[in-house]
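Chemist: The following block contains a protein sequence and its predicted model.
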Amino acid sequence: MKKYLLSLFTILLPLLNFAQEAEKGIDQIIDEKFGWATGWFVDFIFYQIDFGGGVKVFWVLFPLIIGATYFTIYFNLINVRGFFTSINIVRGKYDDLDHHESLVGAGDSTPGGDNIETIAIEGHDGEVSHFQALTAALSATVGLGNIAGVAIAVSIGGAGATFWMIVAGLLGMASKFVECTLGVKYRDIAEDGTVYGGPMYYLTKGLKSKGLGTLGKVLAGLFAIFVIGGSFGGGNMFQVNQAFQLVENITGGKESFLHGYGWAFGLVMAVLVGIVIIGGIKKIAKVTDKIVPFMVVIYVAASLFVIFANYDMIGDAFLQIYNGAFSPEGVAGGAIGVLVQGFRRAAFSNEAGVGSASIAHSAVKTKYAASEGMVALLEPFIDTVVVCTMTALVLIITGNVTSANSGLDDAQAILLTSGAFESVISWFPYVLTVAVVLFAFSTMISWSYYGFQGWAYLFGRSKKMEYLYKIIFCVFVVIGSAASLGSVIGFSDAMIFAMMVPNMVGLVILAPKVRAELKKYTDAIKERKA
């Protein structure tokens, strides 16, 4: 560990000198060159289909939403039927199933004499509990999208965008169920107990079992490249950059003692991130299972305080959401425009169908793949249906849903949300700043794990390769905090959504495998109750 930290500082020190001496012009030069080289890819991923009347839709939303709707129907509303079972799994009600000796093969007789198939996956292997896997995955999604993203959605699409955000969140629960079930089913477990999982593995193994081995390898390779790129940018640089901007703003803006010292903030964050990610998923899970519940409870409690402090406006807020969803007035693009804003922000926030969460969920200790899929379906509910809706209600009740606020970037949107809370709780911007820094930190440590899994898939699982990735990741923390590299972050965001393409192909082809896993688990639960 000391050796790792020493190498981290050796690489960081020259970069710190560069960050101190570099003028803004260098940022701009790098940004322009990188933008020129990667612009075609960003334009392709974020290409918008023009439907006329001011309605433009990102094409990437179609496979995400159509896929989520398909899985909702294919699995008979698993997002509704499985909700309370999922909560019971997280509570540990069915943990005893993972400790029982499993029966292999159809037709095996259970002690009770019934003939059922309750084949286990790889035995009770894994590294983290159901709750820790859930919080590790949530830490990567609950964050700036819930604060800034919602403000952008309602400022453009009006209150009605909230309704469609909720719908998209509910549908996304089915996609999360499918990808995280597959993540556990096809994971690799090394001799030392380390778990390697995610789309790279279920695309190669799963599609090979369907006679599509070559396609599986190509899709898995593409996914691994995309997840590495996404981990450096959207899961790292963007997070630390936005966190620093809010900290700088709360401490005086341009008059702040931190103004011009983004590199110093980045260095502190890099050291903290480095300390956590050295320990792998176990260490990450131990941190996230404390940070995530704390963050969500604080944020939801503050939201409820603002909402109930204006209890007389709650009914009107829900009326605005309902009316705006179906009969919008004065909103660009009418009903379709509102729907698009809601779906877009929900997809950007909970990442259902992107495949990232299945990497964290693969590390769970369980015999039954579907048990973790059931746990995972709670993610979009917590992330989008609960947290995003709370943010939207606060913005609507405090009168911050106006067309004058449209065209906001993420940094301005965070300040708009902060101002909405401040109008009721004068000191809350300080709490929100701490929350955003924690959101950013937890997102970064989870995305470091996602990126490392892609890295290990492409470059091998040696300790040398692992430390190389983690050092590079920490270097990008400093760069992201000190520089304004819009094109770099835009490219990495595009890579995150590019992950959806190979992932969705695999999910649709492998859906019958998931159905079989779900039957095994539900049969085991029924047998336990008998």
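Modeler: Happy to help now that I have it.

Chemist: where exactly do the helices run in the stretch 1-150 of the chain?
Modeler: 2-21, 24-45, 61-74, 78-81, 83-91, 95-99, 130-141, 144, 150-157 (DSSP state H, counting those that start in this stretch).

Chemist: mean pLDDT for the ones you listed: which is lowest?
Modeler: With a mean of 54, helix 2-21 has the lowest mean pLDDT of the helices of the stretch 1-150 of the chain.

Chemist: what about the residue lying closest to residue 75 once chain neighbours are set aside, how many neighbours?
Modeler: Excluding its sequence neighbours, the residue lying closest to residue 75 (C-beta to C-beta, 6 or more residues apart in numbering) is residue 174, at 6.0 Å. From N, CA and C alone the C-beta is placed, and that goes for glycine too. When neighbours are counted by other C-beta atoms under 10 Å, residue 174 registers 28.

Chemist: how much space between residue 174 and residue 325?
Modeler: Per C-beta to C-beta, to the nearest Å, residue 174 is found 21 Å from residue 325.

Chemist: which element is residue 436 on?
Modeler: Assessed by DSSP states H and E, residue 436 sits inside helix 428-459.

Chemist: where along the stretch 151-300 of the chain do the helices fall?
Modeler: For the stretch 151-300 of the chain, the helices defined by DSSP H, counting those that start in this stretch cover 160-185, 199-201, 207-209, 213-232, 238-250, 262-277, 280-309.

Chemist: Residue 424 belongs to a strand, doesn't it?
Modeler: No: the assignment for residue 424, made by DSSP: H, G, I helix; E, B strand; the rest coil, is coil rather than a strand.

Chemist: what's it in contact with, if anything?
Modeler: By C-beta atoms under 8 Å, 6 or more residues apart in numbering, the residues touching residue 424 are 305-306, 309-310, 398.

Chemist: Drop anything exposed from those residues.
Modeler: Among these, the ones that count as buried by 16 or more other C-beta atoms under 10 Å are 306, 310, 398.

Chemist: residue contacts, the first one?
Modeler: With contact taken as C-beta under 8 Å, 6+ apart, residue 306 is in contact with 394, 397-398, 420-421, 424-425.

Chemist: need the helices of the stretch 151-300 of the chain in a markdown table with distance to residue 49, can you?
Modeler: A markdown table is the format used below for the helices of the stretch 151-300 of the chain (distance: least, C-beta to C-beta, whole Å):
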| stretch | distance to residue 49 |
| --- | --- |
| helix 160-185 | 18 |
| helix 199-201 | 26 |
| helix 207-209 | 29 |
| helix 213-232 | 22 |
| helix 238-250 | 25 |
| helix 262-277 | 37 |
| helix 280-309 | 34 |
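
Chemist: For the helix holding residue 436, buried residues please.
Modeler: Across helix 428-459, burial judged by 16+ other C-beta under 10 Å covers 428-429, 432-433, 435-457.

Chemist: Please apply the same query to stretch 501-515.
Modeler: Judged by neighbour count (16+ other C-beta under 10 Å), stretch 501-515 contains these buried residues: 501-507, 509-511, 513-515.

Chemist: Between which two of those residues is the distance greatest?
Modeler: Farthest-apart pair in the buried residues of stretch 501-515 is 501 and 515; separation 23.2 Å (C-beta to C-beta).

Chemist: Pop out the phi and psi values for residue 368.
Modeler: Dihedral pair for residue 368: phi -110, psi 120, per degrees, to the nearest 10.

Chemist: count of residues packed around it?
Modeler: Neighbour count of residue 368, defined by other C-beta under 10 Å: 27.

Chemist: Test my guess that it contacts residue 522.
Modeler: No: between residue 368 and residue 522 there is no contact under C-beta atoms under 8 Å: 9.6 Å.

Chemist: From residue 72, how far off is the nearest residue to residue 74 once chain neighbours are set aside?
Modeler: Residue nearest to residue 74 in three dimensions, not counting chain neighbours: residue 511, with 5.8 Å by C-beta to C-beta, 6+ apart. Distance, residue 511 to residue 72, using C-beta to C-beta: 12 Å.

Chemist: Ok, residue 58 next?
Modeler: Distance of residue 58 to residue 72, computed by C-beta to C-beta: 21 Å.

Chemist: pretty sure residue 520 is in contact with residue 370, am I right?
Modeler: Yes: counting by C-beta under 8 Å, residue 370 is a contact partner of residue 520 at 6.8 Å.

Chemist: can you tell me which residues contact the spatially most central residue of the chain?
Modeler: The geometric centre of the chain, computed from its C-alpha atoms, lies nearest to residue 141 (C-alpha atoms, centre = their mean), at 2.9 Å. By C-beta under 8 Å, 6+ apart, residue 141 lies in contact with 349-351, 357, 379, 383, 443.

Chemist: of the residues you listed, closest to residue 169?
Modeler: Nearest to residue 169 among the contacts of residue 141: residue 350, at 6.2 Å, using C-beta to C-beta.
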